[in-house]
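1. sequence first, predicted model second:
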There are 2 protein chains.
Amino acid sequence: MPDTRRITSADVARHAGVSRATVSYVLNATPGQSISPATRDRVLRAAAGLGYAPSAAARTLRTGRSDVVLCLLPDWPIGNEVGDLLGNLSTALAREGLTFVVHPGSRADRPIAEIWKAITPAAVLSFTDFSDAETEAMRAAGVALVVALLGRAGRHGRELEVPQQLVGRRQAEHLLATGHTRLGYAYPDDPRLQIFAEPRLAGVRAVVDRQPATPVGEGGAPEPAVVVRDGGAPGPEPLVEVVPLDVAPAAAAVERWRAAGVTGVCAYNDEVALAVLAGARALAMTGLAVIGVDDIPAARLAVPPLTTVTTDQRTLAAHLATTVVAAVSGRPAPILHTADLIRVVVRDSA
Amino acid sequence: MPDTRRITSADVARHAGVSRATVSYVLNATPGQSISPATRDRVLRAAAGLGYAPSAAARTLRTGRSDVVLCLLPDWPIGNEVGDLLGNLSTALAREGLTFVVHPGSRADRPIAEIWKAITPAAVLSFTDFSDAETEAMRAAGVALVVALLGRAGRHGRELEVPQQLVGRRQAEHLLATGHTRLGYAYPDDPRLQIFAEPRLAGVRAVVDRQPATPVGEGGAPEPAVVVRDGGAPGPEPLVEVVPLDVAPAAAAVERWRAAGVTGVCAYNDEVALAVLAGARALAMTGLAVIGVDDIPAARLAVPPLTTVTTDQRTLAAHLATTVVAAVSGRPAPILHTADLIRVVVRDSA
DNA sequence: CTGTTAGCGCATTCAA
DNA sequence: TTGAATGCGCTAACAG
């Protein structure tokens, strides 16, 4: 078996008859270095011919940062949609030469520091907030960007906040448009989902109140503008009920809605919506409009088929990717165009 | 702001009044090196006091391998259960000092080589097969273990093969035990799921034929025991129908089953099972027994509530983790005890 | 038995 | 364009 030593930049240099420094300059297209096209070509040719691939470890050691973007997953169950988002994000970042990896598993297992120290990432993404100390530690260790996609405090990030609110808005708008004035909100049972549920509920409230909850489009703007009532006549508050994924408690919630005159329910997601449907069925109650979120496969197969709201994960992922790339290369963050991001899929349930 | 330089082993050495070599020996508990308890203690104290954390990049550069285990996800949508498995795997590997990361996104985006080269992993896991060239390249680059969890060729791995077969077996056994003799199999529409579907279907066939399909338990054992027909009378082949996640085509499949006298259907997973249920409902057909896989939240909320089969992801993950750790440290692979791995959750649909 | 010296692994980048 | 230093930890060879 032939000797399988790694091919290093020194090999390339030797073959091209230049120094390793030159090789580095050529391969990295280092700005401010003038290399003659001839040498340049020799180097490129040698590199290709030898099948040279730089050592990620050495590069990381030297520059203090790898080309990896790390995403920390929360410990609660992630659904298909998040999986989708991650896939798209991976694709989008790949286009920019960044490798996207995800770390599943709770923070409880290991201090998060151990995770990023093992990777030396260029950027770290998370759904929940980091403590200030953690953020500071990462920054100090050379991580270019630390983003909490959601969460309350986060002075950086919350890149998912607006889309989540929009989800709630679209739900409420659809129900209002179909003649329902008294709305209910089916809140998830699992407290860990609160971080997603709150902005969605806020979106619903915003529509019912005829008031924007939080400005759309933040980008790198220093301070999100303050909420302004626009003076429209506020409708009644949506009646919030926690709905576990079980028929009996769901039926109880439906009963309470009925008593309060609620005719349309925005559910946290399709699963919760399915529970509401099951609850209504158990009560033999018809005519309650329900709208979910995500359009999971089971939604179209439900009785009745579930009306729901979907997000264009591809666009969202592209935006997130651009944000990350911008931060890593020191450019300003882009703004998110939310126009067609969220769509209502109308079926029979609402 | 205080100078935030990294703390290196040299710093620890200086503070402890020893050489860097000694620090390394102490911190790695290098076998075959005797260091006096006194020195040892000084080093440990200094390291702790300074908050020393070794540079993963330098370590990787030197040893040629990081402490990261990389899992490549297929490009098809992964469900909650796989997410669950990954989470448990992460936890189990963390206990062994390994960092688990997942790369979502299709192989089409980027040659897979770019991904592992960016990480320099200790092990690479994948659901689908690698080409021999890929496997060889990784081996040569120092990856200790390359496992394809599923797939046909894989001379290494297929660690998930047996559990998947077992899933099918449990489904069929349940249906047979409840008096159904003529079975159908609801095959998924998406061809990418074939890799999971085939072993499951094989499990069903094995039960119907009264013959084990593939030996249980492979581990590092030299030769898996051979398949033995037990001479029972083989029942009729399960009638396989592809069932898309839509009511109309699902109804068509149900119709064909009815015509063939099928009374019990094993579905690829809960979603497919839900489609079968929806199809039967569309036909106003009652009495068709359906059993799914995964126990997704929608299963219990279905009409009728869906009987399904679940896997103990925790146990499975622990086994996978042990396998990885064994390979990385050169020990023999463990064997999987499949006794209570798969359970039937009985509800109304079967 | 204890601990040290010295050089390696590989690419980046400053100063010449 | 290049030589040489740098980032950080590992480990074979060796001295006390």
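-> All right, it came through fine.
2. so residue A:255 sits in a helix?
-> Yes: under DSSP: H, G, I helix; E, B strand; the rest coil, residue A:255 sits within a helix.
3. pLDDT at it, what is it?
-> You'll see residue A:255 listed with a pLDDT of 98.
4. what ranges do the helices span in chain A?
-> All helices of chain A, identified by DSSP state H, fall at A:9-16, A:20-28, A:37-50, A:56-63, A:80-94, A:112-119, A:132-140, A:161-177, A:194-208, A:247-260, A:270-282, A:297-301, A:313-328.
5. and these, which is most packed in?
-> Per residue and on average, the most neighbours among these fall to helix A:270-282, with a mean of 26 (mean count of other Cβ atoms under 10 Å in any protein chain shown). Placement of C-beta: from N, CA and C, glycine included.
6. which helices and strands does it pack with?
-> With contacts taken as 3 or more Cβ pairs under 8 Å, 6 or more residues apart in numbering or on different chains; DSSP states H and E, helix A:270-282 sits against strand A:183-188, strand A:239-243, helix A:247-260, strand A:264-267, strand A:289-293, helix A:297-301, helix B:297-301.
7. for the fifth one, packing partners?
-> When contacts are defined as 3+ Cβ pairs under 8 Å, 6+ apart, strand A:289-293 sits against helix A:161-177, strand A:264-267, helix A:270-282, strand A:307-311.
8. equivalent analysis for the shortest one, please.
-> Helices and strands in packing contact with strand A:264-267 are listed as helix A:161-177, strand A:183-188, helix A:270-282, strand A:289-293; criterion 3+ Cβ pairs under 8 Å, 6+ apart.
9. can you show me the CA trace of that strand as PDB?
-> Coordinates of each C-alpha in strand A:264-267 appear next as PDB, following Å, rounded to 0.1, in the frame of the first residue of the first chain:
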ATOM      1  CA  GLY A 264     -62.200  30.500  16.200                       C
ATOM      2  CA  VAL A 265     -59.000  29.200  17.700                       C
ATOM      3  CA  CYS A 266     -55.400  29.900  16.800                       C
ATOM      4  CA  ALA A 267     -53.300  26.900  17.900                       C
END
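10. residue ranges with poor pLDDT in the stretch 201-350 of chain A?
-> The stretch 201-350 of chain A contains residues with pLDDT under 70 at A:211-235.
11. quick check: residue A:291 touching residue A:299?
-> No: applying Cβ atoms under 8 Å, one finds residue A:291 not in contact with residue A:299, separated by 10.4 Å.
12. distance between stretch A:58-78 and the chain's centre?
-> Taking Cα atoms, centre = their mean, to the nearest Å, one finds stretch A:58-78 lying 16 Å from the centre of the chain it belongs to.
13. do stretch A:117-134 as well
-> 15 Å.
14. so it, near DNA strand D or not?
-> No: counting by Cβ under 7 Å from any atom of the strand, DNA strand D is not contacted by stretch A:117-134; separation bottoms out at 10.2 Å.
15. may I have that stretch as CSV, with CA atoms only?
-> Taking Å, rounded to 0.1, in the frame of the first residue of the first chain, the C-alpha atoms of stretch A:117-134 are listed here in CSV:
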residue,chain,number,x,y,z
LYS,A,117,-14.3,24.9,22.6
ALA,A,118,-14.2,21.6,20.8
ILE,A,119,-15.2,23.2,17.6
THR,A,120,-13.7,26.7,17.6
PRO,A,121,-16.5,27.9,15.5
ALA,A,122,-16.7,31.1,13.5
ALA,A,123,-20.2,31.7,14.7
VAL,A,124,-22.6,30.2,17.3
LEU,A,125,-26.4,30.2,16.9
SER,A,126,-28.8,29.2,19.5
PHE,A,127,-32.6,29.3,19.9
THR,A,128,-32.5,30.3,23.5
ASP,A,129,-30.5,33.1,25.2
PHE,A,130,-26.9,32.9,26.4
SER,A,131,-25.8,34.4,29.6
ASP,A,132,-23.7,37.5,29.3
ALA,A,133,-20.7,35.6,30.7
GLU,A,134,-21.1,33.0,28.1
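16. is any part of that stretch close to chain B?
-> Yes: contact of stretch A:117-134 with chain B (Cβ under 8 Å from any Cβ of the partner chain) involves A:117, A:118, A:119, A:120.
17. kindly report the same for stretch A:194-204.
-> No: counting by Cβ under 8 Å from any Cβ, chain B has no neighbours in stretch A:194-204; the shortest distance is 15.5 Å.
18. which residues does that stretch contact?
-> Outside stretch A:194-204, the residues that touch it by Cβ atoms under 8 Å, 6 or more residues apart in numbering or on different chains are A:74, A:127-128, A:150-151, A:161, A:164-172, A:183, A:185, A:187-188, A:213-214, A:238, A:240, A:266, A:268, A:293.
19. one step back: turn the helices of chain A into a markdown table, including distance to DNA strand C.
-> Below are the helices of chain A laid out as a markdown table (distance: least, Cβ to the nearest atom of the strand, whole Å):
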| stretch | distance to DNA strand C |
| --- | --- |
| helix A:9-16 | 3 |
| helix A:20-28 | 3 |
| helix A:37-50 | 10 |
| helix A:56-63 | 3 |
| helix A:80-94 | 19 |
| helix A:112-119 | 16 |
| helix A:132-140 | 18 |
| helix A:161-177 | 35 |
| helix A:194-208 | 38 |
| helix A:247-260 | 57 |
| helix A:270-282 | 46 |
| helix A:297-301 | 45 |
| helix A:313-328 | 14 |
